[in-house]
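S.K.: What shape does this take:
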Amino acid sequence: MRIIINGQQAFGRACLEAILEKGIDEVVAVYTAPDEADKPYDPIKEAAIEAKLEVRQPNNFKDEDILTELKSWNADFMILAYVTIFVPEQARNIPTLGTVCFHPSLLPLHRGPSSINWPIIWGAKKTGLTIFWPDDGLDEGDILLQQEIEITENDTLGSVYFNKIFPSGIESILGAIELVRRGEAPRKPQNNSLATYESWCKKENAEIDWQRSASEVYNLVRGCNPQPGAWTTFNEEMVQIFDSELVTGTGRIGRVCAVDKESLTINAGLGAIKVKRLRYGKGSKIKAAQFIEEQNIKIGDRFGLKSK
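M.R.: From the prediction side, this is the model:
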């Protein structure tokens, strides 16, 4: 088939490279977002240039001249592999066999931009990915294929995405292409009665409430690692917690109950959080050992509340 790939970042690049490596289909054009001033090219643009492919970077897919150019590729199929610019129906319908989109959740669950964070934050044991035929709604449209992804108790946002969803997503894109080529690609309607939508997981969502159960705090830390970073305060400075462990603990909420050479442990409800890596103030991410030494952390120190 003649394929247009519209994507961004590492995932878009990996999908492009996987299709090129397979060597069955022809990538006739690569679309990505416009360049940002004083920033490197998007990874998918770099890969496209290396492969001597046509690259286009429109800021919309509505203008007549952009639609005319899309038609000029005589494409059979288009893939949306992580896009931030809305692609409307008139553009999606230009390829003769249509357009599919990748989304990192089991749609219709977790429509929206932070669809990996929220399942982890809420303690889910599984999530997944979906390749679907998008319509003009947000993450709406018939499902082509889905794959479940396990969330273990030690997984973080980073491990779920980079170690599980990312490689499975590339395999699923290739699988979807094969189904479309053979004329066997399904179109299963989403069950909108089960749909959920969550917006961005932002800094205000990532503040730690030490009154919550330790398991809830632990899930928040995992679901925000590496972005946006679950945070608390110490001496009125922000502390973002990254690597952590759920442990037992006794004592007052928000207080340090244990310190060793590599970690500090902070009490929450019904347990505690052992902190192993963090960021203090505007500094870099550091091991807890460095923070303990520099701030002279001791048992009884308070996090999350202003010191009296």
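S.K.: ok, the closest residue to residue 144 other than its chain neighbours to residue 138 distance?
M.R.: Nearest residue to residue 144 in three dimensions, chain neighbours excluded: residue 131, at 4.7 Å (CB to CB, 6 or more residues apart in numbering). C-beta coordinates here come from the backbone N, C-alpha and C atoms, glycine included. Look at residue 131 and residue 138: by CB to CB, to the nearest Å, they are 16 Å apart.
S.K.: One more: residue 90?
M.R.: 18 Å.
S.K.: How far does the helix ranked longest in the chain sit from its chain's centre?
M.R.: Looking across the chain with DSSP state H, the single longest helix is helix 166-181. For helix 166-181, the separation from the chain centroid amounts to 18 Å (computed by CA atoms, centre = their mean, to the nearest Å).
S.K.: So what touches it?
M.R.: Residues outside helix 166-181 that contact it (CB atoms under 8 Å, 6 or more residues apart in numbering): 1, 3, 10-11, 14-15, 18-19, 22, 24-25, 77, 79, 81, 97-98, 100, 102, 104, 129, 131, 144-145, 147, 149, 185-186.
S.K.: One more: stretch 92-104?
M.R.: Taking CB under 8 Å, 6+ apart as the rule, stretch 92-104 contacts 1, 4, 11, 15, 67, 70-71, 75-83, 87, 91, 111, 115-116, 127-134, 139, 141, 144, 161, 165, 169, 172-173, 176, 180.
S.K.: shaky segments in this structure?
M.R.: Scanning the chain with the threshold set as pLDDT under 70 gives 305-308.
S.K.: hey, where'd the helices end up in it?
M.R.: Ranges of helices within the chain are 9-22, 43-50, 64-72, 89-92, 117-121, 157-159, 166-181, 214-223, 288-295, based on DSSP H.
S.K.: surely residue 210 meets residue 252?
M.R.: No - using CB atoms under 8 Å, residue 210 is not in contact with residue 252, being 9.5 Å away.
S.K.: Quickly note the distance from residue 74 to residue 3.
M.R.: When residue 74 is compared with residue 3 (using CB to CB), they lie 11 Å apart.
S.K.: Please say which of the two ends up with more neighbours.
M.R.: The neighbour count for residue 74 versus residue 3, taken as other CB atoms under 10 Å, is higher for residue 3 (24 against 10).
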